[in-house]
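> Predicted model, plus sequence, below.
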Amino acid sequence: MPFNSAVITFPGSNCDRDMAVALEKVAGTAPHRVWHGDSELPAGLDFIAVPGGFSYGDYLRCGAIASRSPIMQAVIAAAGKGVPVLGVCNGFQVLTESGLLPGALLRNAGLNFVCREVGLEVVNAQSLFTSGYEAGQVLRIPVAHHDGNYFADEETLNRLEGEGRVAFRYAEEVNGSARAIAGVLNDTGNVLGMMPHPERAVETTHGGTDGRGLFESAIRGLVGA
Amino acid sequence: MKIRVHVSLKPGVLDPQGRAIHHSLEGLGFSGVNDVRAGRLFELDVEDSVTDEALDDMCRKLLANMVIENYRIEKVAA
């Protein structure tokens, strides 16, 4: 069965094409491209990606306006029915703002925009998105963000760690994130938000292919290899 | 009706911008500043028919992120 995915584009998204190319490379089928003003998603989706960028110019707070857009109401409904949703970078911010994921992303502790490749430790290798990795494996994945400093109250952080919902942790200091959290899962495991960009590490010409495993994991888990 | 909505970070939420502003004030030679927290001010012009509940709802649904921020609604005398 072909892999049926969608990439959401908001005004100001700029990683939507990269995400679409990565999904097509790994899955073999091109994703649907869905515009923020649409209120319905294509039928029978296996996977939804909310890409990086600066949706709505990052006005108000990063991801805040996008999370209230018509299409996000459809994404929230789909996530509630168990459809896997991946949010990368600004997409992660959109998912926290929409309430699909706990916590918030604050300005980087060092105040600077951080744009480089970082070490990323796979903490939970049993999720839909990470089953192709080994727990403790350290990937090399690019980051590019100004507001990636993950914040949640202590109780929430303890719960996330206790329930295996920390998918990725930075293996080095990047942005001041609480407990070095780089990616979190929702309580049912079908929504993942992460600041690093796996879609920028799927071909050797990218300088590394460590991000490929994330897409392969999801595709294998959803439609079989 | 003029409304001001003051949005500020909750106590305990790290404020790197406030810290940088604090540092810059010290750099300018101002002493005695113990802490700086940066916030946001919204000025709304709304019909008199807009209820307090609706204003509260606006803050909770959009103007503030309740995970990290508090808000205070102030009605400004015309």
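That came through fine.
> how about the strands of chain B, start to end?
When secondary structure is read from DSSP state E, chain B shows strands at B:2-9, B:39-45, B:69-76.
> tell me the most buried of those?
Here the criterion is mean neighbour count by mean count of other C-beta atoms under 10 Å in any protein chain shown, and of these the winner is strand B:2-9, at a mean of 17. All C-beta atoms are positioned from the backbone trio N, CA, C, and that covers glycine.
> Which elements pack onto it?
If you count contacts as 3 or more C-beta pairs under 8 Å, 6 or more residues apart in numbering or on different chains; DSSP states H and E, strand B:2-9 packs onto strand B:39-45, helix B:52-58, strand B:69-76.
> now do 6 Å
Applying 3 or more C-beta pairs under 6 Å, 6 or more residues apart in numbering or on different chains; DSSP states H and E, one finds that strand B:2-9 makes contact with strand B:39-45, strand B:69-76.
> Adding mean pLDDT and distance to chain A, write those out as JSON lines.
Formatted as JSON lines, the entries for these read as follows, by pLDDT from 0 to 100; distance: least, C-beta to the nearest C-beta, whole Å:
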{"stretch": "strand B:39-45", "mean pLDDT": "97", "distance to chain A": "9"}
{"stretch": "strand B:69-76", "mean pLDDT": "97", "distance to chain A": "9"}
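> now the ones you listed as a markdown table including distance to residue A:20?
Shown next, in a markdown table, are the helices and strands packed on strand B:2-9 (distance: least, C-beta to C-beta, whole Å):
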| stretch | distance to residue A:20 |
| --- | --- |
| strand B:39-45 | 35 |
| strand B:69-76 | 34 |
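> And what about residue A:131, helix, strand or coil?
For residue A:131, the assignment made with DSSP: H, G, I helix; E, B strand; the rest coil gives coil.
> can you count the residues close to it?
Here the count is done by other C-beta atoms under 10 Å in any protein chain shown, and residue A:131 has 16 residues near it.
> Distance across stretch A:7-24, terminal residue to terminal residue?
This stretch, stretch A:7-24, spans 11 Å end to end (C-alpha to C-alpha, to the nearest Å).
> Show me what counts as buried in that stretch.
Using 16 or more other C-beta atoms under 10 Å in any protein chain shown as the test for burial, stretch A:7-24 gives A:7-10, A:12-16, A:18-23.
> and which of these is nearest chain B?
residue A:10 (15.9 Å; C-beta to the nearest C-beta).
> ok, now which ones touch the residue of chain A found nearest chain B?
Shortest chain A-to-chain B distance, computed as C-beta to the nearest C-beta: residue-wise this is residue A:104, at 4.6 Å. Taking C-beta atoms under 6 Å, 6 or more residues apart in numbering or on different chains as the definition of contact, the neighbours of residue A:104 are A:96, A:151, B:65, B:67-68.
> Tell me how far the residue of chain B positioned farthest from its centre lies from residue B:8.
Among residues of chain B, the one most distant from the C-alpha centroid is residue B:29; the distance is 26.4 Å, by C-alpha atoms, centre = their mean. Here residue B:29 is placed at a distance of 27 Å from residue B:8 (C-beta to C-beta, to the nearest Å).
> With residue A:47 instead?
Residue A:47 is 38 Å from residue B:8, where distance means C-beta to C-beta.
> what comes into contact with the helix or strand of chain B with the lowest mean pLDDT?
Among the helices and strands of chain B, helix B:16-27 carries the lowest confidence by mean pLDDT, DSSP states H and E, at a mean of 93. Helix B:16-27 is contacted by residues A:107, A:109, A:111, B:33, B:36-38 when judged by C-beta under 6 Å, 6+ apart.
> residues from chain A in reach of chain B?
Residues of chain A lying close to chain B by C-beta under 6 Å from any C-beta of the partner chain are A:61, A:104, A:107, A:109, A:111.
> ok, back up a step: neighbour-wise, which one of the contacts of helix B:16-27 leads?
Highest neighbour count within the contacts of helix B:16-27: residue A:107, with 22 neighbours (other C-beta under 10 Å).
> Verify the stated contact: it with residue A:150.
No: counting by C-beta atoms under 6 Å, residue A:107 stays clear of residue A:150, with 11.7 Å between them.
> residues in contact with residue A:137?
Listed by C-beta under 6 Å, 6+ apart, the contact set of residue A:137 reads residue A:122.
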